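# pasting the sequence and the predicted coordinates here, then a few questions.
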Amino acid sequence: MSSPRITNISDSTFESEVLQSDTPVLVDFWAEWCGPCKQMAPGLDRVAEELGSQIKIVKLDVDGNQATAGKFGIRGIPTLMVFKGGQPVATKVGALAFPQLKSFVESHL
């Protein structure tokens, strides 16, 4: 269910993949049982395909990585967060259709 352009990360790789990234990072906080998360996956793949040179897209399973999800106050999923320079700069909670998803990402590049 994941694209070769999207990296699955964990609590242990969050710092190196997201906080230390030179490029903006879109983090998809999701879970295997979350229907809206799965509905959004094709849109994330398209964003990765179209904007992948400008932003890195990663997925963090909140069930297996509760420390990171807790640190950023994730209460509902899917939650998307854009990080720049190691800091969260934008958050969207809930599933987005592709046009809204792409617009959200582009507005933070």
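Nice, thanks for sending it over. Numbers count the residues shown, from 1 in each chain.

# from now on I want contacts and neighbour counts done on CA atoms only, so please keep to that.
Fine.

# quick one: residue 34 from residue 40, how far?
Separation of residue 34 from residue 40 (CA to CA, to the nearest Å): 10 Å.

# contacts for stretch 31-50?
Residues from elsewhere that reach stretch 31-50, judged by CA atoms under 8 Å, 6 or more residues apart in numbering: 1-3, 5-6, 30, 55-57, 61-63, 77-78, 94-98, 101-102.

# low-confidence stretches in the chain?
By pLDDT under 70, the weakly predicted segments of the chain are 1-2.

# as a quick check, tell me the outermost residue of it.
Here the chain reaches farthest from its C-alpha mean at residue 33, the gap being 16.7 Å by CA atoms, centre = their mean.

# hang on, residue 49 is in a strand, isn't it?
No. Assessed with DSSP: H, G, I helix; E, B strand; the rest coil, residue 49 is helix; it does not lie in a strand.

# which parts of this protein are helices?
In the chain, the segments counted as helices under DSSP state H are 11-14, 35-51, 66-71, 98-106.

# can you list contacts of the third one?
Outside of helix 66-71, the residues within contact range by CA under 8 Å, 6+ apart are 11, 14, 29, 62.

# just give me the neighbour total for the last one.
Residue neighbour count, defined by other CA atoms under 10 Å, stands at 22 for residue 62.
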